[in-house]
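Peer 1: Show me how the following folds:
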Amino acid sequence: MRIAGYIRVSTEEQAEKGFSLDEQRERLISYCKAMGWPTPTIYEDDGYSAKDLRRPELTRLLGDVKTEKYTLIITTKLDRLSRRLFDILSVIDYLEKHNCSYVSASESFDTTTPAGRMTLQMLGMVAEFERERISERVRDNMRAIARKGEKIISRPCYGYNVKNGIMEINIEEALVVKQMAKWALEGHGAWDIAKRLNDRGIATKDGKQWHDRVVRALLKRETLVGDFVYNRTYRKGTRIFTRPEEEWIRIENHHDPILDRDTFDAIQKIFQSRKQSASRYVDETNYLLTGLLVCTHCGGKMVGRKDSKKGSNQVYYRYVCNTYMKKGGCFFHHLHRDDIESTVINEIKKITTANANNLEIAVVKSNAEKRADKDTIHDKLKKLDMKAQRQIEAYEDELITAHDLKKAKERIEKDRHLLMEQLRELEKSDKDNGGEIVQKKAKRLIDDVLSLDRAKAKNAIRQLIHHIDITNATDVVITWHAD
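Peer 2: So this is what the prediction gives:
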């Protein structure tokens, strides 16, 4: 049995209730001893509330659970994990998926027993029922408000602002919308319009660059002609679906328009006529290097694209800069699929026969257990500085005692020492030649790389290669995985 204990205390709890990390730690150790279990490894979050699950040590613990480092997680009380039932159930469900049980030392909540699992299932059903009821009430209220049309409850599209629940034209954005419509009527496609906007430094409402898809979606919105449409889509998991049109809530002439209806209808006809029967983007299994090729000019990916000349049956398979394709940025440059894939496969074959001691290649090393790179460690060090400052402020405000402050400083310095050790190890490993590791992997995977099953070949290549830098569509530099 491999046990981890999780303890947590917020600054407010220290001041108001006298909760102590030391007390929780001793209680967990005593409980495990009484049960005849081994001493737990303790993860502690000092000064973090239970309002959500965004806590550094809890995140690290859940990451270790994923690697099956532990078979049991224990806390003194359920509320040490979270004060929200939904979060508690989410964490316990996560533990169950990774063959790990959960025990609360105070509340006889133990998912290792049939009674504990039954309790969990009952709590889950109650929580799910309550969530659905709340969601249903919210949806009904939102639809009722939308039908009245008196108050805008959705986010405004580009060209409009919402002030006190009223849709108002944003003059600066409206002028851009009119220009976009003018370009569309002149025959410019969505991609060309996005490029023109990006070249002029005009950003979307979110401050991002324009894409052809975003341009097309905006110029199709009835909002631009003064109509209000609600309940068009719904979300299921991470996907968004469109409801049948009869379920939409539509109010015509709801607010001031930016475009007249004739212009709007003409643009829809243009978009419809340009709609292609088949996409130029094909099944990604046809492209072995999807997600690996990086354009060094803009930092974007190079994606697979299928083209053919008019009047010809000849088809071209190429990798093209995605920044150019989607935003009109960078510049047009491409690689023929078969040429670059053959180059990469030949490099893999060379590695299998080369002298490992003389194999000088660029590698990226990652620690499979800690998953910490330099940027992550530096970020953690910054958070430790912030944590130390919070403890000092709490002491100055007399929320914690000098003893608590000293203990907190000791824990922070201990964490800082461990992070600095990790950083030094990473810097040392960067200097080592990972050629031998890459060669062993290449020899093991070479049959899959050369397989006629392109899905199998693609998966093998991704295990060997971290990324491939492409410059001027001619210079190729491969960086390999060495983990």
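
Peer 1: Would you mind extracting the C-alpha trace of whichever strand or helix holds residue 386 into CSV?
Peer 2: According to DSSP states H and E, residue 386 maps onto helix 374-396. Presented in CSV, the C-alpha positions along helix 374-396 are these (Å, rounded to 0.1, in the frame of the first residue of the first chain):
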residue,chain,number,x,y,z
LYS,A,374,13.0,25.4,-16.6
ASP,A,375,10.0,27.8,-17.2
THR,A,376,7.8,25.8,-14.8
ILE,A,377,10.4,25.8,-12.1
HIS,A,378,11.0,29.6,-12.5
ASP,A,379,7.3,30.1,-12.3
LYS,A,380,7.1,28.0,-9.1
LEU,A,381,9.9,30.1,-7.6
LYS,A,382,8.0,33.3,-8.3
LYS,A,383,4.9,31.8,-6.6
LEU,A,384,7.0,30.9,-3.5
ASP,A,385,8.2,34.5,-3.3
MET,A,386,4.5,35.7,-3.5
LYS,A,387,3.6,33.1,-0.8
ALA,A,388,6.4,34.3,1.5
GLN,A,389,5.1,37.9,1.0
ARG,A,390,1.6,36.8,1.9
GLN,A,391,2.8,35.2,5.1
ILE,A,392,4.7,38.3,6.1
GLU,A,393,1.6,40.5,5.5
ALA,A,394,-0.5,38.1,7.5
TYR,A,395,1.9,38.4,10.4
GLU,A,396,1.9,42.2,10.1
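
Peer 1: Can you mark which positions in that helix are buried?
Peer 2: Neighbour-count burial for helix 374-396, counted by 16 or more other C-beta atoms under 10 Å, picks out 377, 380, 384, 387, 388, 391, 394, 395. Where C-beta positions appear, they are placed from N, C-alpha and C, glycine not excepted.

Peer 1: Out of the residues you listed, which comes closest to residue 241?
Peer 2: Nearest to residue 241, judged by C-beta to C-beta, of the buried residues of helix 374-396 is residue 380 at 39.4 Å.

Peer 1: re the thing from before, please state the offset of the helix holding residue 386 from the chain centre?
Peer 2: Distance of helix 374-396 from its chain centroid, counting by C-alpha atoms, centre = their mean, to the nearest Å, is 24 Å.

Peer 1: got the buried residues for whatever helix or strand comes next after it?
Peer 2: Following helix 374-396 in sequence order, the next helix or strand is helix 402-431 (DSSP H and E). Neighbour counts over helix 402-431 (16+ other C-beta under 10 Å) mark 404, 405, 407, 408, 411, 412, 415, 419, 422, 423, 426 as buried.

Peer 1: Give me the residues contacting the helix or strand just after helix 402-431.
Peer 2: Following helix 402-431 in sequence order, the next helix or strand is helix 435-449 (DSSP H and E). For helix 435-449, contacts defined as C-beta atoms under 8 Å, 6 or more residues apart in numbering pick out 345, 348-349, 351-352, 354, 356-361, 363, 456-457, 459-461, 463-464, 480-483.

Peer 1: from those residues, which would you call buried?
Peer 2: 345, 348, 351-352, 354, 359, 361, 363, 456-457, 459-461, 464, 480-482.

Peer 1: isn't there a strand covering residue 7?
Peer 2: Yes: the assignment for residue 7 is a strand, going by DSSP: H, G, I helix; E, B strand; the rest coil.

Peer 1: Relative to residue 70, how far out is it?
Peer 2: Separation of residue 7 from residue 70 (C-beta to C-beta, to the nearest Å) stands at 15 Å.

Peer 1: residue contacts, residue 241?
Peer 2: By C-beta under 8 Å, 6+ apart, residue 241 lies in contact with 233, 234, 235.

Peer 1: ok, the last one - contacts?
Peer 2: Put plainly, it is residue 235. By C-beta under 8 Å, 6+ apart, residue 235 lies in contact with residue 241.

Peer 1: residue ranges with poor pLDDT in the stretch 101-250 of the chain?
Peer 2: Applying pLDDT under 70 to the stretch 101-250 of the chain flags residues 108, 120-121, 123-132, 134-135, 138, 146, 149-150, 237-238.

Peer 1: what are the ranges of the strands in it?
Peer 2: 101-104, 109-110, 160-163, 166-169, 228-230, 233-236, 239-242, 249-251 (DSSP state E, counting those that start in this stretch).

Peer 1: mind listing the helices in the stretch 101-250 of the chain by residue range?
Peer 2: Here the stretch 101-250 of the chain has its helices, by DSSP state H, counting those that start in this stretch, at 114-148, 171-185, 190-199, 212-219.

Peer 1: Out of those helices, flag the one nearest residue 250.
Peer 2: Ranking those by their distance to residue 250 (criterion: C-beta to C-beta) puts helix 114-148 first, at 9.8 Å.

Peer 1: Just say helix, strand or coil for residue 480.
Peer 2: strand.

Peer 1: May I have the beta-bridge partners of it?
Peer 2: residue 363, residue 465 (DSSP bridges).

Peer 1: Now do it against residue 206, distance only.
Peer 2: Separation of residue 480 from residue 206 (C-beta to C-beta): 36 Å.
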